[in-house]
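# give me a 3D structure for the following:
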Amino acid sequence: MDYDEVDIQAVRFLTSDGGTILSSLFPEISCEMPPGTFTSGSRSFCRVSLQVTNTDQSMVRQFMGNDAFVSPLILMEPLRRKFHAAPVIRLPLPGFGLHKIDPKSVRVLISVTGSSECNDWQDITSVVGESAVAKAAESGVILLCNVIVSGRFAVVCCDNSIMDVAETMSEMMTSRLDKSDTADQPHLDLLHAAHGGDLTALRACLASEGMDINFTNKSGQSALHLACSAGHQAIVQELLKAKADMTLISQKGNAAIHLACFHGYKEIVELLLDNGCDVNIPSKHSCFPPLYAAILETHCEVVEVLLSRGASVTWSSPDGLSLLLVAVFTTYDREKTIAILQLLLEKLDITKLEISPELKDKGFSYHGEALLHSVCTRQAAKDLIGPVRLKLANQSASLLQDDMATCEKEDGDFRKLLTACKEGNMDEIILFLENGELINRLTKGCVSCLHCACASGHMDIVEKLLKAGANVNTLTQYGFSCLYIASSAGFTDVVKMLLKAGANTDTLTHMGLTSSDIATEMGYMNIVAIIKDYMIRNEYMKTSRKSINTTEKTGKVKDKDDMAVKKCCALI
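Numbering: from 1, shown residues only. So this is what the prediction gives:
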């Protein structure tokens, strides 16, 4: 007997660009999400998954007859979600190749109930269309399209024209768990006892001769898998005493601990770890860790246990999301989102999280940039804009300190010049500026003498260095500009001078923060206003210089000053 098991690897995070979702267990079944399926934008993600469960053909014969065939059950999550463009589900036509398929015998069914029983099926063959069904009868592959709501789907090929296929399917699904295969009954009894939480029956099975505690059904589920999935702690404890294998992987790619984490059974997770289970055991295929499974369902207590046991935090999803970004997009529930993010922000070292190639393709340069953008645009996470920016600012302060520390490793005249810039010793600086090579020389951390002057707020030194040709936009090893350093310290006059010298306002540190971001976090709102005003004026000047000949449908030429003002207002 096969039991329902979540396909964690089939969970995807897609943008408005769309994408393809595959089933781990049935690679021939896929779902194509066309561009426009989601309206979240190309840099905001929506969680969606394709869960596929095999159908017991012996039950099909019992309820529908020997000439009936039913496809695997396909569940698109979240249930009852309305899409802005219809997904296309591709799957083999059941029974194709065994006998000739009459298009009139094909029925496409949907169930949109929230219950796991999935016993309320409706016929939507007419929605899919006669042409799609006719093509499927010839090719053996059916495309379920024109359906803009998620749910459970099944395709039935049945020659019985009198039968109400949808009603019969509902009856079959209601009774499917009552069906038990008699082959290898002792081992199936073990699985049934583990799934049902029957400790007495389980002990009897384990005591029987020839019992294999690691027996798996056709889906690769062992007794430990089933007990962890159902939350039966006493059963798990008994199986571990009998040396059940914790490394077995089901056909859907899950080890027992992945299922316990996904369903939020903290005590079972602790039990598995106490018995030597690897806290970072990878799944099959996408190699996700148990921590990912817990974050997906926002189980904070389980996440805390895993982190306390040394769980790795550097894994990225197939769509390029770090575990922290998964927490942002996994649910629309505001309270759950805030709880899981607060925990992760407290526990994680963000400097270990690198930007993925997938996020770079979305236009992000750094992980911190993607994180801050995500919490700003995700409604459920907006309350954490401040804490996220604070976390990034604190991590940035540590990195900046590392950069500035490289000044102490220099020697000779360059070391003396750096020290003079920090201390504001103008006389000594004038002497060294005669050597033009030193002014833009960098330490191993890419720190210049202008960085040092800005960090100390010596306006006269900054002015002297700029007039001598110091590069105002040089970045340190971790991406800190002179403007960022002055903004973080609240040196208003230095900020004004740097902007006048052409400092870039949109430069990002490796934590993804701009100069305006750090000034906001530090509470220097006068500097935020100065930078914003500079950006508006700069944009206005650039727009005003261009010859604008754009004509609206009315034939009226837009006033160039009006256009410039509108572009500038977009910056506010």
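# tell me which residues touch the closest residue to residue 366 other than its chain neighbours, please.
In space, and not counting its chain neighbours, residue 366 is closest to residue 512: 4.2 Å by Cβ to Cβ, 6 or more residues apart in numbering. Where C-beta positions appear, they are placed from N, C-alpha and C, glycine not excepted. Counting by Cβ atoms under 8 Å, 6 or more residues apart in numbering, residue 512 touches 364-372, 392.
# and the pLDDT for residue 512?
Predicted confidence (pLDDT) at residue 512: the value is 95.
# residues contacting the nearest residue to residue 355 once chain neighbours are set aside?
Closest residue to residue 355 apart from its sequence neighbours, by Cβ to Cβ, 6+ apart: residue 367 at 4.8 Å. Contacts for residue 367 (Cβ under 8 Å, 6+ apart) come out as 322, 350, 353-355, 359, 512.
# tell me which of the residues you listed fall in helices.
Counting by DSSP state H, these place residue 359 in helices.
# and the contacts of residue 367, which are buried?
The neighbour count (16 or more other Cβ atoms under 10 Å) marks 322, 350, 353, 355, 359, 512 as buried among those.
# one step back: and which of the contacts of residue 367 is nearest residue 56?
residue 322 (39.6 Å; Cβ to Cβ).
# got the residue ranges for the helices in the stretch 401-550 of the chain?
With DSSP state H, counting those that start in this stretch applied, the stretch 401-550 of the chain shows helices at 412-423, 426-432, 449-456, 459-467, 482-489, 492-500, 515-522, 525-545, listed in chain order.
# also the stretch 101-250 of the chain?
Using DSSP H, counting those that start in this stretch, helices in the stretch 101-250 of the chain cover 125-128, 130-139, 165-174, 185-196, 199-207, 223-230, 233-241.
# can you add distance to residue 64 and give the contacts of residue 367 back as TSV?
Converted to TSV, the contacts of residue 367 look like this (distance: Cβ to Cβ, whole Å):
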residue	distance to residue 64
322	47
350	55
353	52
354	53
355	52
359	48
512	57
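# outline the domain layout of this protein.
8-54+57-178, 179-217+220-311, 403-531, 532-572 (automatic domain parsing).
# any chance of those domains in TSV, plus distance to residue 339?
TSV is the format used below for those (distance: least, Cβ to Cβ, whole Å):
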stretch	distance to residue 339
domain 8-54+57-178	17
domain 179-217+220-311	5
domain 403-531	23
domain 532-572	33
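# ok, which of the ones you listed comes nearest residue 336?
domain 179-217+220-311 (4.2 Å).
# centre of the chain to that closest one, how far?
Distance of domain 179-217+220-311 from the chain centroid (Cα atoms, centre = their mean, to the nearest Å) equals 25 Å.
# what about that domain, average pLDDT?
Mean predicted lDDT for domain 179-217+220-311 stands at 93.
# just the helices of the stretch 101-250 of the chain: most buried one?
Among the helices of the stretch 101-250 of the chain, ranked by average contacts under mean count of other Cβ atoms under 10 Å, first place goes to helix 223-230 (a mean of 27).
# report the angle between that one and helix 199-207.
Relative orientation of helix 223-230 versus helix 199-207 (axes from the mean of the first three to the mean of the last three Cα atoms, to 10 degrees): 160 degrees.
# hey, C-alpha coordinates of helix 223-230 in CSV?
Taking Å, rounded to 0.1, in the frame of the first residue of the first chain, the C-alpha atoms of helix 223-230 are listed here in CSV:
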residue,chain,number,x,y,z
ALA,A,223,7.8,2.5,8.6
LEU,A,224,10.0,5.3,9.9
HIS,A,225,8.9,7.6,7.0
LEU,A,226,5.2,6.9,7.7
ALA,A,227,5.6,7.4,11.5
CYS,A,228,7.5,10.7,11.1
SER,A,229,5.0,12.0,8.5
ALA,A,230,2.1,11.2,10.8
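# that one to helix 233-241, inter-axis angle?
Using the same axes, to 10 degrees: helix 223-230 against helix 233-241 is 160 degrees.
# ok, and what's touching helix 223-230?
Residues outside helix 223-230 that contact it (Cβ under 8 Å, 6+ apart): 3, 5-6, 190-191, 193-197, 202, 213, 215-216, 235-236, 239-240, 244-246, 248, 250, 254, 256-257, 259-260, 263, 265, 268, 272.
# which residue sits closest to the residue sitting nearest the centre point of the chain, ignoring its sequence neighbours?
For the chain, residue 326 is the residue whose C-alpha lies nearest the centre (Cα atoms, centre = their mean; 3.3 Å). Spatially, and ignoring its direct neighbours in sequence, residue 326 is nearest to residue 295 (5.4 Å; Cβ to Cβ, 6+ apart).
# the helix or strand hosting that neighbour: what's the following helix or strand?
For residue 295, the element it lies in under DSSP states H and E is helix 290-296. Later in the chain than helix 290-296, the nearest helix or strand by DSSP H and E is helix 300-308.
# which secondary structure elements does that following helix contact?
helix 256-263, helix 266-274, helix 290-296, helix 334-347 (3 or more Cβ pairs under 8 Å, 6 or more residues apart in numbering; DSSP states H and E).
# and the residue nearest to residue 160 when sequence neighbours are not counted, what does it touch?
Spatially, and ignoring its direct neighbours in sequence, residue 160 is nearest to residue 65 (6.0 Å; Cβ to Cβ, 6+ apart). Taking Cβ under 8 Å, 6+ apart as the contact definition, residue 65 lies against 158-160.
# most neighbours among those residues, which one is it?
residue 158 (21 neighbours; other Cβ atoms under 10 Å).
# wait, that one sits on residue 165?
Yes: between residue 158 and residue 165 there is a contact under Cβ atoms under 8 Å: 5.8 Å.
# so what sits against both of these two?
Residues touching both residue 158 and residue 165 (Cβ under 8 Å, 6+ apart) are 64, 107.
# the domains of the chain: which one's closest to residue 383?
domain 179-217+220-311 (15.1 Å).
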